[in-house]
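Participant: structure, please.
(one chain, ligands or ions: 1)
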Amino acid sequence: MSEESSMWAQATQTKSAFTPLTGSDLTVENLPLPASFTWGAATAAYQVEGASNAAGKGPSIWDTYTHLTPSRTNGANADVTCDHYHRVEEDLALMKQLGMETYRFSISWSRVIPLGGRDDPVNEAGIAFYSRLIDTLLAHGIKPSVTLYHWDVPQALYDRYGAFLNTNEFRADFERYARLCFASFGGRVTSWVTFNEPYIISIFGHLNGSLAPGHCAEMGTDTVHEPWRVGHTIILSHASVVQIYANEFQTKQKGEISIVLNGHFYEPWDASSEADIEAARVRLEFYIAWFADPVYLGRDYPAVMREHLGNRLPRFTEQELELLRATCGMNAFYGMNHYSTKFARQLTTTPPPADDWTRNIEESSVNSAGQQIGPASSMPWLRIAPGGFRKLLNWIWDRYRLPILVTENGCPCPGEEDVDVAIDDRFRQRYLGLYLDSISRAIYEDGVSVIGYYAWSLMDNFEWSSGYGPRYGLVHVDFETLKRTPKNSAYYLKETFQERRKQA
Ligand code: NOJ
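Facilitator: Got it, this is the predicted structure:
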C-alpha cells in the first residue's frame, strides 16, 4: 500500500470517530449534475505568470513582499513560478486536452498599468499578453472568466496612499483600471469578477499580516481599524465598477459581473452548547455576510458586527447605501471559494483583544469531544468535510438567492513531496468526488441553484506565504524544469463530468 493510500485508509478507518455531519460518509457516489453545469480550473496572475518585470510590468505589493529580508514567504518568490506568461499556449492546449470548458484567471493590474493610477500610462505589452491569452482560449472553445483583482495591487498605489486604506483614491484608480479592462477585453470576455476573497485581503493582509502587505500588530500598524476600512473600500469599489459595467459596457458586451467571497462552514465546537451554536452562526456573518450583505442585499453590515465592532466598522453614507441598493441586483451570480469546515467555540473566560475580529470566537478542526472535522490534507486547516460544504451552499442560497458559481475548490495532498504520490493523487480525487456529490445533493435534494465549478488550481503554483510547499494543481509542475504533467485527478475530473452529466 502506498504511503498516500495508507493515509487515506487511516483517515477512513477513523471515520467512526466522526459525528457524521450530514448523514453522508466519505464514499464517493458520483451523483449526477445538470447538463448545463460548467467546469474548468482557476489560477491567479501572481501565482502562475512569473515574468515579474518583463515587458514593462510594474511591481505589485507581492513582488515587494516576496523579496523582504527576512523572508515572510518561506524564502520563495514568484519571479518565475510556472512561467505561464511564456508558456500560455502550452498550458491552454493542455486545458483543452483535459476537457476543461472555462478558465478563471486574473489580470495583473501592474502589468497593464505599471503604476496603477488613473492618470498613469498604460502598458500596451501587458494588454497584448491578455489579449493573446483570451484569443487562444476562444480558439480552443474555452470560456474566459476574468478576475480583476487577485491580491496584487500595484506597489506605486500602496506607496502613494496605502492602497485600500484610502477609499476614495483606491476607488477612483480601480474604476479606471476596470474600464480599461472592459474596453480592451470586454468584447471577448463575458464573465467578470471584481475582487477575489476580500476577507483574506482585509484580515490576512491587514491584521495578522501573513499576506502582503503584511500589516500586523508587530509592525505597529492599526490592526484595530485597518481591516474594516479595507473591507469598506472593497465593497464600494466593487459596487462602483458593477455600476460602470452596467451603464457603459453591458448592453453591448452582454457579459456578467460579480465578486468572489470565500468562507469555511462552521459547526459548533460543543453541539450541546447554545453559545457555540450561536458562535457557528455568528462566525459565518463575520466571515461571509460582512461582504455579502452589502454587496448582494444592498444593505448595511450584519447587525451583530455593528453591535460588536462599534465605531471600528466604517459607516456607509446615504449616497453609498443608495449605490449598494442600486447595484446589488446587478450581480449575476454568487462567486464562492470554499475549501473546508471548522468548529466554532465561543470564548467566555478570556476577554477579546482590542483588535478582535471574530467576536471572541475560536476556530478549530477538533471539537469538544476530540473528534476531527475530517481527514487532513497537507494543510492542517484544510480537511475533507463535504457535509459542511453542502450546508454552506444551503446557507448561501437561503440568504442570497443567487445562482452559485463555485469559483475555487480543491486541496493539496498528504505525501505529495513524493512525485508518485503527487501524480497518483487519490486523496484529491476523493476530495473532489465528495465535494461534487455535495453539489449534486444541494441541487437535487435541497433545491439550491449551483451552476458551475472551478477546481483550484489548474497547476501547482506559488502558494503565497507557503511558497512552493503545498501543491493544489490538477497538473503537476516540476519547478526545476517547469515540465507539466497532468495528475490523475485531472483525468478523473474530465471523466467524472462526462459521466455525471450524462446521467442527469
Ligand atoms: C484561495 C485563493 O484565492 C488562492 O489564491 C489560493 O491559492 C487558494 N485559496 C489556496 O489557498
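Participant: mind listing what the residue nearest the centre of the chain touches?
Facilitator: The residue lying closest to the centre of the chain (CA atoms, centre = their mean) is Asn337, at 4.5 Å. For Asn337, the contact set (CB atoms under 8 Å, 6 or more residues apart in numbering) comprises Asn196, Glu197, Val260, Leu261, Asn262, Gly263, Val406, Thr407, Glu408, Asn409, Trp456. Where you see a C-beta, it was placed from the backbone N, CA and C, and this is true even at glycine.
Participant: for the third one, grab phi and psi.
Facilitator: Geometry field for Val260 lists phi and psi as phi -110, psi 120, criterion degrees, to the nearest 10.
Participant: pairing partners for the nearest residue to it once chain neighbours are set aside in the sheet, please.
Facilitator: Among residues not flanking Val260 along the chain, Gly335 sits closest, at 3.6 Å (CB to CB, 6 or more residues apart in numbering). Using DSSP bridges, the beta-bridge partners of Gly335 come out as Val260, Leu405.
Participant: against Arg171, how distant is Gly335?
Facilitator: In this view, Gly335 and Arg171 are 20 Å apart by CB to CB, to the nearest Å.
Participant: now Ile127
Facilitator: Distance, Ile127 to Arg171, by CB to CB: 22 Å.
Participant: you'd agree Phe249 is up against Gly186?
Facilitator: Yes. With contact defined as CB atoms under 8 Å, Phe249 counts as touching Gly186 (5.3 Å).
Participant: joint contacts of the two?
Facilitator: Counting by CB under 8 Å, 6+ apart, the residues touching both Phe249 and Gly186 are Gly255.
Participant: burial check on Val477, number of neighbours?
Facilitator: Close neighbours of Val477, defined as other CB atoms under 10 Å, add up to 23.
Participant: pLDDT score for it?
Facilitator: We have a pLDDT of 98 for Val477.
Participant: which strand residues bridge it?
Facilitator: According to DSSP bridges, the partner residues bridging Val477 are Arg484.
Participant: what sits against it?
Facilitator: Neighbouring residues of Val477 by CB under 8 Å, 6+ apart: Cys82, Met459, Asp460, Asn461, Arg471, Lys483, Arg484.
Participant: quick one: secondary structure of Trp357?
Facilitator: Here Trp357 is recorded as coil under DSSP: H, G, I helix; E, B strand; the rest coil.
Participant: let me see the backbone angles for Tyr453.
Facilitator: As for Tyr453, its main-chain torsions (degrees, to the nearest 10) stand at phi -150, psi 130.
Participant: thought it was touching Ser440?
Facilitator: No. Contact criterion CB under 8 Å: Tyr453 and Ser440 do not qualify, at 11.0 Å.
Participant: between those two, which one's more packed in?
Facilitator: Neighbours per residue (other CB under 10 Å) separate Tyr453 from Ser440, with Tyr453 holding more: 26 against 21.
Participant: so the residue nearest to Val260 makes contact with Leu405?
Facilitator: Yes. Between Gly335 and Leu405 there is a contact under CB under 8 Å: 5.5 Å.
Participant: overlap in contacts of the two?
Facilitator: Listed contacts common to Gly335 and Leu405 are Ser258; contacts here mean CB under 8 Å, 6+ apart.
Participant: higher neighbour count, these two?
Facilitator: Looking at Gly335 and Leu405 with other CB under 10 Å, you find the greater number of neighbours at Gly335, namely 28 against 25.
Participant: so how far is the ligand from Glu320?
Facilitator: Relative to the ligand, Glu320 is positioned 27 Å away (criterion: CB to the nearest ligand atom, to the nearest Å).
Participant: and the one helix or strand that residue maps to, what does it pack onto?
Facilitator: Taking DSSP states H and E as the criterion, the element that holds Glu320 is helix 318-328. Under the contact criterion of 3 or more CB pairs under 8 Å, 6 or more residues apart in numbering; DSSP states H and E, the helices and strands touching helix 318-328 comprise helix 226-244, helix 290-297.
Participant: let me have the ones you listed in CSV, adding mean neighbour count and distance to the ligand as columns.
Facilitator: Formatted as CSV, the helices and strands packed on helix 318-328 follow (neighbours: other CB atoms under 10 Å; distance: least, CB to the nearest ligand atom, whole Å):
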stretch, mean neighbour count, distance to the ligand
helix 226-244, 23, 14
helix 290-297, 24, 14
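Participant: flag every residue of the protein that's near the ligand.
Facilitator: Contact residues (CB under 6 Å from any ligand atom) of the chain with the ligand: Ala44, Gln47, Asn196, Glu197, Asn337, Glu408, Trp456, Glu463, Tyr472.
Participant: and of the residues you listed, the nearest to Asp446?
Facilitator: Using CB to CB, Asn337 is the member of the residues of the chain next to the ligand that lies nearest Asp446, at 20.3 Å.
Participant: now the phi/psi pair for that closest one, please.
Facilitator: Backbone geometry at Asn337, expressed as degrees, to the nearest 10, gives phi -100, psi 130.
Participant: where do the helices sit along the stretch 251-400 of the chain?
Facilitator: Assigned by DSSP state H, counting those that start in this stretch, the helices in the stretch 251-400 of the chain fall at 274-284, 290-297, 303-309, 318-328, 386-400.
Participant: would JSON lines of those helices with mean pLDDT be doable?
Facilitator: JSON lines is the format used below for the helices of the stretch 251-400 of the chain (pLDDT from 0 to 100):
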{"stretch": "helix 274-284", "mean pLDDT": "98"}
{"stretch": "helix 290-297", "mean pLDDT": "98"}
{"stretch": "helix 303-309", "mean pLDDT": "97"}
{"stretch": "helix 318-328", "mean pLDDT": "98"}
{"stretch": "helix 386-400", "mean pLDDT": "98"}
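Participant: which one of these is the most hemmed in?
Facilitator: Of all the helices of the stretch 251-400 of the chain, helix 290-297 carries the top mean neighbour count, a mean of 24, counting by mean count of other CB atoms under 10 Å.
Participant: what packs against it?
Facilitator: helix 198-199, helix 226-244, strand 256-262, helix 318-328, helix 386-400.
Participant: among the ones you listed, which comes closest to Asp159?
Facilitator: Comparison of the helices and strands packed on helix 290-297 against Asp159 by CB to CB identifies helix 226-244 as nearest, at 16.7 Å.
Participant: where does the prediction get shaky in the stretch 1-150 of the chain?
Facilitator: Counting by pLDDT under 70, the stretch 1-150 of the chain shows low-confidence ranges at 1-25.
Participant: could you check how far the residue nearest to Val260 is from Asp418?
Facilitator: According to CB to CB, Gly335 stands 34 Å off from Asp418.
Participant: give me the number of residues near Ala44?
Facilitator: For Ala44, the count of nearby residues is 27 (other CB under 10 Å).
Participant: what's the neighbour count on the residue lying closest to Tyr301 once chain neighbours are set aside?
Facilitator: Distances taken as CB to CB, 6+ apart put Leu313 closest to Tyr301, at 5.9 Å, once the chain neighbours are dropped. The tally of other residues near Leu313 (other CB under 10 Å) stands at 21.
Participant: what are the phi and psi angles of Leu313?
Facilitator: Summarising the backbone geometry of Leu313 under the convention degrees, to the nearest 10, its torsions are phi -90, psi 120.
Participant: ditto for Pro154
Facilitator: Taking degrees, to the nearest 10, you get phi -60, psi 130 for the backbone angles of Pro154.
Participant: can you tell me how far the nearest residue to it once chain neighbours are set aside is from the ligand?
Facilitator: With CB to CB, 6+ apart as the criterion, Pro154 has its nearest non-adjacent residue at 3.0 Å, and that residue is Gly116. In this structure, Gly116 and the ligand are 20 Å apart, going by CB to the nearest ligand atom.
Participant: and what of Phe497?
Facilitator: Look at Phe497 and the ligand: by CB to the nearest ligand atom, they are 21 Å apart.
Participant: contacts only, for that residue.
Facilitator: By CB under 8 Å, 6+ apart, the contact set of Phe497 is Leu33, Phe37, Trp39, Gly99.
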